[in-house]
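Novice: Curious how this folds, go ahead:
(one chain, ligands or ions: 1)
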Amino acid sequence: MTEWKNTADIVVIGGGIIGVSTAYYLALNGMKNIVLIEKGTICGGSTGRCGAGIRAQWGTEMNCRLGIAALDIFEQLDQELGMSVGLNQGGYLLVAYNEKELETLRKGMELQNSLGIKSRQINLQEAREICPGLAAEDAVGFFFHGRDGHADPFLTTFAYLEAAKRLGVVCHRHTTCTGILVENNEVRGVETDRGTIHAPVVINCAGAYAQFIARMAGIEIPNWAERHEIMITEPVAPGVCPCMLMSFSGNYYIQQRPHGSIICGMSPAGHPEDFENRSTWQFIEEMSKTLVRLLPRTKGIRIARQWSGLYDMTPDAQPIIGETDVKNFYHSTGYSGHGFMLAPVAGKILAQHIAGKTPDIDFSMLDYRRFARGEHIRESNVV
Ligand SMILES: Cc1cc2nc3c(=O)[nH]c(=O)nc-3n(C[C@H](O)[C@H](O)[C@H](O)COP(=O)(O)OP(=O)(O)OC[C@H]3O[C@@H](n4cnc5c(N)ncnc54)[C@H](O)[C@@H]3O)c2cc1C
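Specialist: The predicted structure is shown next:
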């Protein structure tokens, strides 16, 4: 087990992709004595349970900027981290089912194009060339961006962790944060079930549990946990769904992994708060019907496994990044269903800020106080 020290310069709470990438970029930006604590195992939270899709086709300028910057990083991440992250750029094919949605996606495309994201509207025939066997006659439009895709969440997180360790980051697994030390409204460290770590900077990357960590310092953030189910089929011949097929009104995302399995998910009705990683028969039934309706070739294939994980939701489905009312106590949380894909850029810009540099992207509008001010920046392109 890694040697325990009761002082650090920075403590990062949470060993998901957000905490690990943040720790890596802090070290890369010259910060020293960084300790990452994780109550369970690395990737044991939402990161190891996600669909791992990566896209730049967003509906708000902030998410477009974050999305394309993240793609730029993903495309050279193997080289940077010295290990494959399993990037596969089959593109995202977005499906619209009504005129209102078509208009929203068209506006989104115009916004994306204005920011250098080369998404485009395509017809059913082109959609079928990208996604063979697609049966979507009831759709009214399709949008595609070929640089989108997916990566392996375990490989990506472990690649970041190993690179962070090479830069001196210390990682304590099975170490639960039980309190935040605050004096004169400044953070002073963390209490854990293994002892205290005194530190002048603490970063809350605890995913769906970030609200509880925030409360330990007297901060209220309006995020909540929502259980999302997902399943994977047995491997079938490649080429059924090489892109990520996704619809916001249709409430689905479907993609084929490189080894042939098809992975797919949908949002729960009513978006209830829920911390249980339960699985239901109802999900399998509904998801299977959607899968076979869209991709008739999948009829008769077997489901290998189903599971669920938590979305860390905010009222506008955009993350919370930045310092809190307690000096040097930071949040990087509330990533809803897109924290995996945004992690490279989210970790990088927060680290740049903490290191006293100008972040590549100004993220000040993602301050958690926007909710109290009524300044929601609602993202529509979410499942
Ligand atoms: C079914 C599903 C599909 C998804 N699909 C996608 C997708 O296609 N693309 C995408 O970009 N995103 C997707 N997401 C969202 C993505 O998984 C999350 O946004 C992302 O993993 C968040 O990373 P994180 O590091 O913030 O959280 P987590 O991975 O949950 O990590 C937080 C960590 O904090 C630890 N922790 C909590 N409390 C404490 C404590 N007190 N002390 C110490 N450690 C603590 C937890 O154990 C956990 O490991 C999906 C999520 C789900 C559930």
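Novice: Not counting sequence-adjacent ones, nearest residue to the residue most central in space within the chain?
Specialist: In the chain, the residue lying closest to the centroid (Cα atoms, centre = their mean) is G339, at 1.5 Å. Spatially, and ignoring its direct neighbours in sequence, G339 is nearest to I18 (5.8 Å; Cβ to Cβ, 6 or more residues apart in numbering). Every residue, glycine included, has its C-beta placed from N, CA and C.
Novice: before we move on, what about I349?
Specialist: P359 (3.9 Å).
Novice: Any part of stretch 256-276 near the ligand?
Specialist: Yes. Judged by Cβ under 6 Å from any ligand atom, stretch 256-276 comes into contact with the ligand through G265.
Novice: Enumerate the positions of that stretch that are buried.
Specialist: Within stretch 256-276, the residues scored as buried using 16 or more other Cβ atoms under 10 Å are Q256, R257, S261, I262, I263, C264, G265, M266, S267, P268, D274.
Novice: before we move on, what about stretch 168-179?
Specialist: For stretch 168-179, burial by neighbour count (16+ other Cβ under 10 Å) applies to V169, V170, C171, H172, T175, C177.
Novice: Make a markdown table out of those and add secondary structure, distance to the ligand and pLDDT.
Specialist: Formatted as a markdown table, these follow (DSSP: H, G, I helix; E, B strand; the rest coil; distance: Cβ to the nearest ligand atom, whole Å; pLDDT from 0 to 100):
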| residue | secondary structure | distance to the ligand | pLDDT |
| --- | --- | --- | --- |
| V169 | coil | 15 | 98 |
| V170 | strand | 14 | 98 |
| C171 | strand | 11 | 98 |
| H172 | strand | 9 | 98 |
| T175 | coil | 6 | 98 |
| C177 | strand | 4 | 98 |
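Novice: Show the backbone phi and psi for the residue of the stretch 251-383 of the chain found nearest the ligand.
Specialist: At 2.2 Å from the ligand, G339 is the closest residue in the stretch 251-383 of the chain, using Cβ to the nearest ligand atom. G339 adopts backbone torsions of phi -80, psi -30, taken as degrees, to the nearest 10.
Novice: Look up the residues forming beta bridges with the closest residue to H271 other than its chain neighbours.
Specialist: Of all residues not flanking H271 in the chain, E226 sits nearest, at 5.5 Å (Cβ to Cβ, 6+ apart). With DSSP bridges applied, E226 shows beta-bridge pairing to Y311.
Novice: count of neighbours near E226?
Specialist: Residues near E226, counting by other Cβ atoms under 10 Å, number 21.
Novice: per-residue confidence for it?
Specialist: E226 carries a pLDDT value of 94.
Novice: Please report the distance of it from the ligand.
Specialist: Applying Cβ to the nearest ligand atom, to the nearest Å, the value for E226 to the ligand is 8 Å.
Novice: does stretch 31-50 come close to the ligand?
Specialist: Yes. Counting by Cβ under 6 Å from any ligand atom, the ligand has neighbours in stretch 31-50: I37, E38, K39, G40, G44, G45, S46, T47, R49, C50.
Novice: pretty sure the fourth one is in contact with H172, am I right?
Specialist: No. Under the criterion of Cβ atoms under 8 Å, G40 is not in contact with H172, lying 11.6 Å apart.
Novice: OK, contacts around the nearest residue to T333 once chain neighbours are set aside?
Specialist: Spatial nearest neighbour of T333, chain neighbours left out: A210 (3.7 Å); criterion: Cβ to Cβ, 6+ apart. Going by Cβ atoms under 8 Å, 6 or more residues apart in numbering, A210 touches G14, N204, I221, N223, D312, I320, H331, T333, G334.
Novice: Show me which residues of the stretch 1-150 of the chain sit near the ligand.
Specialist: Residues of the stretch 1-150 of the chain that fall close to the ligand, judged by Cβ under 6 Å from any ligand atom: 13-19, 37-40, 44-47, 49-53.
Novice: Could you rerun that using 8 Å?
Specialist: Contacts of the stretch 1-150 of the chain with the ligand, taken as Cβ under 8 Å from any ligand atom, map to 13-20, 37-54, 150.
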